[in-house]
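1. Have a look; sequence and predicted model below, questions after that.
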Amino acid sequence: MSTVETKAPDSKLELVVKINQPSTCQRHVVVTIPRAELERYFREAYDEIAPKADLPGFRAGKIPRKLLENRFRKTVADQVKSSLVMDSLQQITEGGEFSAISEPDMDFGAVKLPDTGDFTFEFNIEVRPAFDTPDWKGLDLEKTVYELTDAEVDHQLARTLERVTPGEAYDGEAALGDRLVINALFSSNGREISAIEEELITLRKRLSLADCIIENFGELMSGAREGDKLKTTVKVLKTSLNEAFKGVEVDVEFEIVEIRRVNVEGLNATVLQSVGFDSAEELRAFVRSELERQAEYYQNQLLREQITKKLTAGANWELPPALVRKQAERELQRRVLDLRRNGFTDDQIRSVINNIRRNSEASTQGALREHFVLEKIAEDNSIEPSEKEYEDEIQLIADQSDLSVRQVRAKLERTGQMDALRNQILERTVIKQIVDAGNVKEIKGDSILKADPDEAAVEFLVAPVSQILPEAKYDETTEDVAQEGNVKPT
């Protein structure tokens with residue numbers, strides 16, 4: 001426990017402050033204000049209202065002091081309490097005993113001014129841990145350099161177009177990544193169980209259905225042409241709700257109705273206009289610039305990971321669970337803003353955020369430790385984001401959305417994300433300064449493009465719950481077999 005007595009010059013408060021440290025990032029503070037200070041604040045408050053007070057039978061400014069005090073005691077007491085608490089809190093936080101990272105946690109309603117004697121109140125507050133700034137100059141770092149090829153740009157362009165167009169009919173052999181319009185007939189002992197009609201499916205290595213996985217789908221379909229029929233078998237999963245077909249192997253016949261492929265070289269005006277571009281060259285240039293931004297993001301992330309790992313090696317401070325929970329959302333906001341400014345799609349951002357949420361506590365603790373260290377370096381070097389840096393960041397975010405700069409700023413301010421934006425700019429500036437002062441060796445990185453998914457998924461039950469047993473007990477037509485449970489997606 002530490003005790004601090006402060007008496008600042010002029011109108012500042014004389015205080016006795018006792019600070020307990022329950023944990024590294026928590027302080028319990030007890031503040032005692034001498035009676036003389038209470039009397040001074042009361043005098044100043046009465047002096048302020050005396051010229052304006054209005055009581056029947058008295059002219060303004062001529063009300064006897066005793067009557068004034070009796071009449072306005074409660075109002076002035078509330079004002080004095082508020083002023084004493086606010087002024088002392090400001091004086092304490094500016095005194096350098098600790099660096100607060102949250103508002104004081106106190107029950108203001110329970111704070112009472114005493115009729116006699118000193119005024120005492122207490123509060124809890126979360127603070128930045130006290131530590132020596134780690135040596136950040138001359139770090140040995142590896143900077144990953146990505147070489148973006150034309151083939152990667154075309155591949156990313158095709159992925160982009162696949163989200164807005166089904167592609168064009170292709171008269172050739174099917175390959176992984178093509179879109180296939182297929183029919184599928186599932187049967188057991190020669191009797192139809194269920195069927196898929198004209199379903200558009202991306203050709204991947206595996207095809208995942210609701211109750212089975214066709215592991216050899218890519219191998220089966222690759223090289224096939226429109227009109228081809230191909231057969232294989234598949235085993236219904238043991239988790240199927242259809243007791244009769246659990247673990248049963250059934251036959252499946254696929255028919256390729258059509259093969260579709262995105263024609264990157266022959267984009268027509270309609271497709272280009274649907275994505276907001278006038279020419280294929282303009283679209284390709286945009287995709288390249290987005291990939292370059294993402295490559296820079298990955299490069300900076302890898303540098304950041306190296307730097308923060310080195311600088312936080314001894315940062316094993318105990319972080320209160322309440323602080324971690326409170327900061328979790330701020331860390332998510334910072335990451336979203338960072339990803340959005342670097343041109344990542346909403347789907348990509350959701351994937352990153354979902355992963356962070358699944359490991360929320362561990363990732364937030366790590367992010368907090370990193371932020372404390374980077375902010376300490378920023379403080380030592382008087383680094384603080386400028387208004388122009390805020391404007392540039394907001395402009396980048398606006399460029400990735402359908403909102404104007406004014407709308408983006410208003411949204412950030414309304415949702416309390418300006419603090420997250422500030423942290424993002426500050427941390428990136430510090431990281432750059434550390435890199436500039438480090439021993440940096442360049443290494444060649446792999447492609448920034450993630451591999452295509454191995455699996456395509458369709459919501460379809462091969463063996464609906466209403467389906468009959470696989471063994472036929474009497475003759476019946478295909479139309480007699482129940483097909484309930486499979487509604488073709490629109």
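-> Okay, I see it.

2. residue closest to the middle of the chain?
-> Leu332 (3.2 Å; CA atoms, centre = their mean).

3. element containing it?
-> helix 321-341 (DSSP states H and E).

4. CA atoms only: put that helix into PDB for me.
-> The C-alpha coordinates for helix 321-341 follow below in PDB (Å, rounded to 0.1, in the frame of the first residue of the first chain):
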ATOM      1  CA  PRO A 321     -11.100 -11.500 -15.900                       C
ATOM      2  CA  ALA A 322     -13.400  -8.400 -15.800                       C
ATOM      3  CA  LEU A 323     -10.800  -6.400 -17.600                       C
ATOM      4  CA  VAL A 324     -10.200  -9.100 -20.200                       C
ATOM      5  CA  ARG A 325     -14.000  -9.400 -20.900                       C
ATOM      6  CA  LYS A 326     -14.300  -5.600 -21.200                       C
ATOM      7  CA  GLN A 327     -11.400  -5.400 -23.600                       C
ATOM      8  CA  ALA A 328     -12.400  -8.400 -25.700                       C
ATOM      9  CA  GLU A 329     -14.900  -6.300 -27.800                       C
ATOM     10  CA  ARG A 330     -12.400  -3.500 -28.300                       C
ATOM     11  CA  GLU A 331      -9.900  -6.000 -29.600                       C
ATOM     12  CA  LEU A 332     -12.500  -7.300 -32.000                       C
ATOM     13  CA  GLN A 333     -13.300  -3.800 -33.200                       C
ATOM     14  CA  ARG A 334      -9.600  -3.000 -33.700                       C
ATOM     15  CA  ARG A 335      -9.100  -6.200 -35.800                       C
ATOM     16  CA  VAL A 336     -12.200  -5.500 -37.900                       C
ATOM     17  CA  LEU A 337     -11.100  -1.900 -38.600                       C
ATOM     18  CA  ASP A 338      -7.600  -3.200 -39.600                       C
ATOM     19  CA  LEU A 339      -9.000  -5.900 -41.900                       C
ATOM     20  CA  ARG A 340     -11.500  -3.600 -43.500                       C
ATOM     21  CA  ARG A 341      -8.900  -0.900 -44.300                       C
END
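
5. Which elements pack onto that helix?
-> If you count contacts as 3 or more CB pairs under 8 Å, 6 or more residues apart in numbering; DSSP states H and E, helix 321-341 packs onto helix 346-358, helix 360-380, helix 387-399, helix 418-436. For the C-beta atoms, the positions are set from N, CA and C on the backbone; glycine is no exception.

6. Leu449: which of those is closest?
-> helix 346-358 (11.7 Å; CB to CB).

7. Distance of Ile193 relative to Gly96?
-> 76 Å (CB to CB, to the nearest Å).

8. Between the two, point out the one with more neighbours.
-> Per other CB atoms under 10 Å, whichever of Ile193 and Gly96 has more neighbours is Ile193, with 27 against 8.

9. Which residue comes closest to that one once chain neighbours are left out?
-> Leaving out its chain neighbours, the residue that sits closest to Ile193 by CB to CB, 6 or more residues apart in numbering is Phe186, at 4.6 Å.

10. one step back: present the helices and strands packed on helix 321-341 as TSV; the columns should include distance to Glu249, mean pLDDT and mean neighbour count.
-> Converted to TSV, these look like this (distance: least, CB to CB, whole Å; pLDDT from 0 to 100; neighbours: other CB atoms under 10 Å):
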stretch	distance to Glu249	mean pLDDT	mean neighbour count
helix 346-358	35	70	12
helix 360-380	42	85	19
helix 387-399	53	89	15
helix 418-436	54	92	18
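
11. Kindly export stretch 307-318 (C-alpha atoms) in CSV.
-> C-alpha atoms of stretch 307-318 as CSV (Å, rounded to 0.1, in the frame of the first residue of the first chain):
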residue,chain,number,x,y,z
ILE,A,307,8.1,-8.0,-32.4
THR,A,308,5.4,-8.5,-29.8
LYS,A,309,6.6,-12.0,-29.0
LYS,A,310,10.1,-10.6,-28.3
LEU,A,311,8.8,-7.5,-26.3
THR,A,312,6.2,-9.3,-24.2
ALA,A,313,8.5,-12.3,-23.3
GLY,A,314,8.5,-11.2,-19.6
ALA,A,315,5.0,-9.7,-19.6
ASN,A,316,3.3,-12.3,-17.5
TRP,A,317,1.1,-9.8,-15.6
GLU,A,318,-2.1,-11.1,-14.0
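
12. and it, which residues are buried?
-> If you call a residue buried by 16 or more other CB atoms under 10 Å, then stretch 307-318 has these buried ones: Ile307, Thr308, Lys310, Leu311, Thr312, Ala315, Trp317.
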